[in-house]
Each structure stands twice: as structure tokens, then as C-alpha cells.
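Visitor: prediction below, plus the sequence it came from.
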Amino acid sequence: MKATISEPTTTERVLEIEVERERLDKIFDQKVKKYSKEVRINGFRPGNVPKDVIAKRFKDPINAESMEALIEEVIKEACKEHNIEPIAPGRIDKLENEIGKPIMVKAIMEVDPTVEVKDYKLDIPVHGADITEDEVNVQVDGLRKRQAEETKVDRPAVLGDVVVAQYLGINIGGEAKPLPPRPEFRMELGTSSVPAMDRALIGAKAGDEKTAAFTFPADYAQADFAGKDSEYQLKILEVNEVKLPPLDDELAKKFNFDTMDIFRARIREDLAKQSMQKAKEEAYEEAMRRLMEMNPFEIPKARIQNYVRYKLEQQGHVHDNDDHGHDHSDLEREAVFNIRRYRLLEEIAKKEKIKPTGEEVDARLKEMAEQYGTDFESLKASLRKSGKILDVREELKSEKTLDFVIGYKRES
């Protein structure tokens, strides 16, 4: 066998292979021998069908199968000989099988390009925003509302009350809409994304029927409602007065803090961490933008296709080769970005010998356990069993690599 290699692009290797015809004949003979023991033909004992009968009767399918096996063998040998690591099965561009001459195979293989990252030490400052008293107050008020008590009242609704109502009719843009399966809803007056709905319910009492007519804002989140006139027929079922607990140490104890001062300090600390994390993520985005600009490289088509297929399967879609002409350009762009990101960070981590320590992995798992409301050991055992602890390690390695790139020093 003789193989020559060319590199038309950084992600393709073209193999032109010349193979002795005797190799194909040998594979053909092996398959004939195999099938002579397996095939049942009337007039012959099982396992004793003469090879010449098999070769004559099944010549074409055995020839095709033998050629397929030969091509697979020689491509594998050529790749090993020339240190090629294909990322997908090769595409046969040409096959010459002329009797009396060597067999010629031309295959195109996709490979990952060599990535040599340069200029990756970037100085990108990370500064979290200062946390104000108002921001702390907003968080305290939100948590305070979770401890509020509601009392049904027989009076007109005012701001701050919770009104329980039922849809009797809905008209959007002059068109009657079907009522939701559960037509009842609750709304705290003063918190609606459509203030006109709040105004329509102020002054309502249990048993009243009200009409709320207004125009949705042009930038309303639900696009098919944005800017349209609407009319809601409502029946008021309940008016509930909300009684908030005092802002004292007893409230703090309901959240497992001894005093309100300690409670507020923890809230401030959490907000500061969130602000710092947001600043880091913005720095990470800037770092990746600059790294990709300075270190461009191609992504093999097979990598993109595999990424799109994986994402579609995650979403419950069946993805076949034809895919019925669906446009997956957004997923393809996402694939290119994420694969480039992974390759760049992997190369930097390899160069700088960056990897998370056992202590750092455990610290991350403890954070996760606290978020999930479970204990550390159970979570760690579960992630080890499922193999997902490797995902935690990879995520930490990426973060540490990005910290190195932007020049951020983690607290020890």
C-alpha cells in the first residue's frame, strides 16, 4: 500500500492510496469462506456449501462488502502512518477498481486544526459595583413579603392588596380570546406590568364585576399583545389585605440569622458577590472576543454538525441527514463560538498547566449543595456516579483559565 497526503485546508486531509489488488482478493476469499459456513442453500448440508457456489451466487454483494472492508482498513492504516486523527468517517472522493491494476482510493478526512494561541495575557480589570442601602432594602422587602400574612377583607381594594379575580371574557385587538384553562388569577395591586390593570381593580370589592380596558405598551413582553387595545371582563372573588411582619430580629430569625444587622450584612455580601460575578462574566466575554480576533482558526464541518445534532436531541427534536430544510444557522453560529472558545481555553490551560485542585472542586460542590438544599457528600457521590463531576472540573478549569487571561486573582 502506498499513501500520499495533501492538506488543502487546515481542517482537511486528502489521502490518495494505492492498494495491491491481492488484498481485495484475500478479503473476498475470507468472506466467501465465512458465508459458506453460514448460508443455507437447498441441496447442501448446513455449513458445507461449496465456496465456488457462494462466490458465483453472491459475487456482487460480497464484492461490495469486501471493497468496503478494504477501504476502511487502508484508510485506518494511512491515518496511523501519517499521524492523522480524523474526527468523522472520511468521504470517498474517488475509487478506481480496474481489473488487473492496483486499486486507487481518494478519501477526504476532516481533522481538528492545530491551534497555537498567542497574546493571551490580557489586562482586563474587574470591578463589582458598590452596593447601596436602597439595593439592600429592596432585597429585604422582597424577603419580608414572603413572610407576609393575607387577611380577607370586606372593603374596596387599595394599593398593596392582593385581589383574587376570575376572567369572564377577554378581547385583544377586537378579537375575542379563549379563556385560560384556569381562569382565576391573583394580583398584588401596584406590581402589575400593565398599570392600567391595577387602576381598574382599585376600589373593587368581592362580588363586583369590572371591565378593564386599556392599550398594551408598545414594548410589552408578549409580542402578539404589544400595542393592541384590550378589554377584560372580570369578576372579583376576594380582596386580601397584606400584613407585613416588622423589620426586626424576629424576621431575621425566620431566615436563620440572629439579628437584622447580620441578616442585612449577609444580603449585602451576596449582592456584592453577584455584582462581582457579573463584572467577571463581562470581562470573560471581552477576553474571548479579543482572543478570537487575535487567534482565528477554522472549525471542521463535522464538529458543527455534531454540535447541532446534540442540541436538537437535547430539545427533543429528531435530526436526520435531510432535516427537511430546517434553518439551524443560529445553532451553527453557537457551535462555532463554543468550539472555538473550548479549543482556545484548552490550549492556554495546557500551556500554563492550569487545572482545578481537589479543594477547589470540593468548594464548588459545597456551593452547589447549598443552592440545591442537599448535603455535600450526597451530591459529590451522585455526581461521581453519573460522571458529571467531570463537567464541574471542566467548568472550573475554564474559569481558572479565564481568570489567568484577564489577570484576575482569586481569593484563597
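Guide: Okay, I see it. Numbers count the residues shown, from 1 in each chain.
Visitor: do I have it right that A3 meets L15?
Guide: Yes: using Cβ atoms under 8 Å, A3 is in contact with L15, at 5.8 Å. All C-beta spots, glycine's among them, are computed from the backbone N, C-alpha and C.
Visitor: in terms of helix, strand or coil, where does L168 fall?
Guide: strand (DSSP: H, G, I helix; E, B strand; the rest coil).
Visitor: let me redo that: N171
Guide: N171 is classified as strand under three-state DSSP.
Visitor: per-residue confidence at it?
Guide: According to the prediction, N171 has pLDDT 94.
Visitor: can you report phi and psi for the residue nearest to it when sequence neighbours are not counted?
Guide: Nearest residue to N171 in three dimensions, chain neighbours excluded: E231, at 4.4 Å (Cβ to Cβ, 6 or more residues apart in numbering). Per-residue torsions, E231: phi -150, psi 120 (degrees, to the nearest 10).
Visitor: cool, and A88?
Guide: Dihedral angles (degrees, to the nearest 10) for A88: phi -160, psi 160.
Visitor: test my guess that it contacts I108.
Guide: No: assessed by Cβ under 8 Å, A88 is found out of contact with I108, at 10.5 Å.
Visitor: now do the strands in the protein.
Guide: Along the chain, counting by DSSP state E, strands occupy 2-9, 12-19, 91-96, 103-110, 149-152, 162-172, 175-177, 184-188, 209-215, 229-243.
Visitor: of all those strands, which lies closest to F337?
Guide: With Cβ to Cβ as the measure, strand 103-110 is the member of those nearest F337 (19.2 Å).
Visitor: so that closest one versus strand 91-96, what angle?
Guide: Counting by axes from the mean of the first three to the mean of the last three Cα atoms, to 10 degrees, strand 103-110 lies at 170 degrees to strand 91-96.
Visitor: list the contacts for the spatially most central residue of the chain?
Guide: For the chain, K311 is the residue whose C-alpha lies nearest the centre (Cα atoms, centre = their mean; 7.0 Å). In this structure, K311 makes contact with 331, 334-335, judged by Cβ atoms under 8 Å, 6 or more residues apart in numbering.
Visitor: the same query, at a cut-off of 6 Å, please.
Guide: Contacts for K311 (Cβ atoms under 6 Å, 6 or more residues apart in numbering) come out as L331.
Visitor: identify the residues contacting P102.
Guide: With Cβ under 6 Å, 6+ apart, P102 has these contacts: 18, 20.
Visitor: just to revisit the earlier point, any idea how far the residue nearest to the centre of the chain is from R144?
Guide: Computed with Cβ to Cβ, to the nearest Å, the distance linking K311 and R144 is 41 Å.
Visitor: with E209 instead?
Guide: 34 Å.
Visitor: tell me the confidence at the closest residue in space to R40 that isn't next to it in sequence?
Guide: Counting by Cβ to Cβ, 6+ apart, R40 lies nearest to P46, which is 5.6 Å off, once chain neighbours are set aside. pLDDT for P46: 80.
Visitor: neighbours of P46, how many?
Guide: The number of residues packed near P46 is 10, by other Cβ atoms under 10 Å.
Visitor: need phi/psi at it.
Guide: phi -50, psi 130.
Visitor: which residue ranges make up the domains of this protein?
Guide: 2-110, 149-243, 256-406 (automatic domain parsing).
Visitor: so where's this structure shaky on pLDDT?
Guide: 318-325, 410-412 (pLDDT under 70).
Visitor: let's see it at 80
Guide: Within the chain, the segments meeting pLDDT under 80 span 47, 317-326, 409-412.
Visitor: got the buried residues for stretch 182-199?
Guide: For stretch 182-199, a neighbour-count test (16 or more other Cβ atoms under 10 Å) marks 187-189, 194, 197-198 as buried.
Visitor: same thing with stretch 58-68?
Guide: In stretch 58-68, counting by 16+ other Cβ under 10 Å, buried: 62-63, 66-67.
Visitor: next one: stretch 275-290
Guide: Within stretch 275-290, judged by 16+ other Cβ under 10 Å, the buried ones are 275, 279-280, 283-284, 287-288, 290.
Visitor: ok, and what's touching it?
Guide: With contact meaning Cβ under 6 Å, 6+ apart, stretch 275-290 is reached by 122, 124, 126-129, 341, 402, 405-406.
Visitor: if we use 7 Å, what do you get?
Guide: 122, 124, 126-129, 131, 341, 402, 405-406, 408 (Cβ atoms under 7 Å, 6 or more residues apart in numbering).
Visitor: need those residues in CSV with distance to F257 and neighbour count, can you?
Guide: Formatted as CSV, those follow (distance: Cβ to Cβ, whole Å; neighbours: other Cβ atoms under 10 Å):
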residue, distance to F257, neighbour count
L122, 40, 16
I124, 36, 18
V126, 29, 18
H127, 28, 9
G128, 23, 15
A129, 24, 13
I131, 17, 18
R341, 40, 16
L402, 34, 25
V405, 38, 25
I406, 34, 19
Y408, 30, 19
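Visitor: which ones among these map onto helices?
Guide: In this view, the contacts of stretch 275-290 that belong to helices under DSSP state H are 341, 402, 405-406.
Visitor: neighbours of A88, how many?
Guide: 14.
Visitor: how far away is it from T10?
Guide: 16 Å.
Visitor: next one: T357
Guide: T357 sits 35 Å away from T10, going by Cβ to Cβ.
Visitor: and if you look at V308?
Guide: V308 is 21 Å from T10, by Cβ to Cβ.
Visitor: more crowded one of those two?
Guide: Ranked by neighbour count (other Cβ under 10 Å), V308 and T10 place V308 first, with 20 against 14.
Visitor: gap between that one and T11?
Guide: Taking Cβ to Cβ, one finds V308 at 17 Å from T11.
Visitor: tell me how many other residues surround K31.
Guide: Neighbour tally, K31, other Cβ under 10 Å: 19.
Visitor: follow-up on the earlier one: more crowded one of A3 and L15?
Guide: Between A3 and L15, L15 has the larger neighbour count (other Cβ under 10 Å), namely 23 against 19.
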